[in-house]
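**Q** Have a look at this prediction, sequence included:
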Amino acid sequence: MVFFVISGYLVGGITLNRWLKSGPDLTDYAISRFARIYTVLVPALTIGYAIDYVGMHWFDHAGLYENVSQYHIGSLDDVGMRLNAMTYIGNLLMLQGTWVTSLGSNGPLWSLAYEWWYYCLFSFSAAALLYKGWLRAILISFLVILILMLPVTMLMWMSIWFMGVGAFFLSRRTSFSLDPRIGSAIFAAAIIVSLSAQNADMLDPRTVWVAFGRDFLVGCGYCVALLSFSKASRALPFEHFHRWAAGFSYSIYLFHFPVLLLIVAMGERHLGWHVLEQPSLVSVGRVAVVVAIVYAVGYLFSMYTERRTDAIRDFLRKQTARLPAFTR
């Protein structure tokens, strides 16, 4: 939910602010979103597929890939049923959660599909408000088709994404002032209240409004914290570290789960690890080492993917320079 708010703030807010000043630029918007998402997504899906295949066929001694129900891990389903060409193509087309499942072990990909369709819904609706005539009619038609095709839950959660858009304009156009410490406390309280409403049946249709209310509260709390920090007079501690880490955060998000699962499966198979065990200094240290390895692998992956985003964006801009002016 924090990610949705940040995305609405940085993508939706900044884009809409630019469009209000100089008019919509759908081509450049599409290029920017496509380059940002697919530069990392295509190799992440391909390599993740290979990693899951290797883990499932050579290291599944503990049943993490095809008998995971014994461990009651809510974020992981049986990988064998989700590792096939159709699911791979569906994830490339951002259809996970609608027509197909997330690919293999990579359950976190559900939120990327939400994000992608929020980009589309936002651009169609914002451009339709700013364009006139037949272009507006076409965009409204696209918008209606998308709304009818997408799950109701996806549309509900988009309100949290739009919170970020609202927060962007509030941070620049009002005299809102709140001590960051108070903003942080409000955010922490929202998380505590949200967690207190947690339940094992959050995907049950009867509790969808409970789940939405819980996430909506977190989004509101984070918006308050975000607004309070937007007025801060100095940067956060370790600012340079945060900027460096942000440079490969998307790679970590897309790539971490298949790598994590393979490391655990290999450790259980060859190092005597136990998937379920009581916490101890040894097990906590093991977790720290595994997380460090996952981040190191993700950073290496980003050097050949995420770092190429600007180059691919520039290439696409050159290729589309001759498109009709109304789209640019």
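**A** That came through, no problem.
**Q** Quick one: the helices in the protein, in order.
**A** 2-7, 14-22, 26-58, 85-92, 110-130, 134-149, 152-173, 180-196, 208-230, 239-246, 249-270, 281-303, 309-319 (DSSP state H).
**Q** Mean pLDDT and distance to residue 102 added to those, as CSV?
**A** Where you see a C-beta, it was placed from the backbone N, CA and C, and this is true even at glycine. CSV is the format used below for the helices of the chain (pLDDT from 0 to 100; distance: least, CB to CB, whole Å):
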stretch, mean pLDDT, distance to residue 102
helix 2-7, 96, 16
helix 14-22, 95, 27
helix 26-58, 96, 10
helix 85-92, 97, 7
helix 110-130, 95, 6
helix 134-149, 93, 19
helix 152-173, 94, 14
helix 180-196, 93, 23
helix 208-230, 92, 18
helix 239-246, 92, 24
helix 249-270, 94, 9
helix 281-303, 96, 18
helix 309-319, 94, 23
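**Q** nearest to residue 65, of those helices?
**A** Closest to residue 65 of the helices of the chain is helix 26-58 (CB to CB; 4.0 Å).
**Q** If you compare the directions of that closest one and helix 85-92, what angle comes out?
**A** Per axes from the mean of the first three to the mean of the last three CA atoms, to 10 degrees, the angle that helix 26-58 makes with helix 85-92 is 150 degrees.
**Q** any idea how far helix 26-58 is from the chain center?
**A** Relative to the mean C-alpha coordinate of its chain, helix 26-58 is positioned 13 Å out (CA atoms, centre = their mean, to the nearest Å).
**Q** Against which helices or strands is it packed?
**A** If you count contacts as 3 or more CB pairs under 8 Å, 6 or more residues apart in numbering; DSSP states H and E, helix 26-58 packs onto helix 85-92, helix 110-130, helix 249-270, helix 281-303, helix 309-319.
**Q** and that helix, which residues are buried?
**A** 26-41, 43-45, 47-49, 51-53, 55-56 (16 or more other CB atoms under 10 Å).
**Q** re the thing from before, kindly reformat the helices of the chain as TSV containing distance to residue 67.
**A** Shown next, in TSV, are the helices of the chain (distance: least, CB to CB, whole Å):
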stretch	distance to residue 67
helix 2-7	31
helix 14-22	45
helix 26-58	11
helix 85-92	19
helix 110-130	22
helix 134-149	35
helix 152-173	29
helix 180-196	30
helix 208-230	28
helix 239-246	36
helix 249-270	12
helix 281-303	21
helix 309-319	38
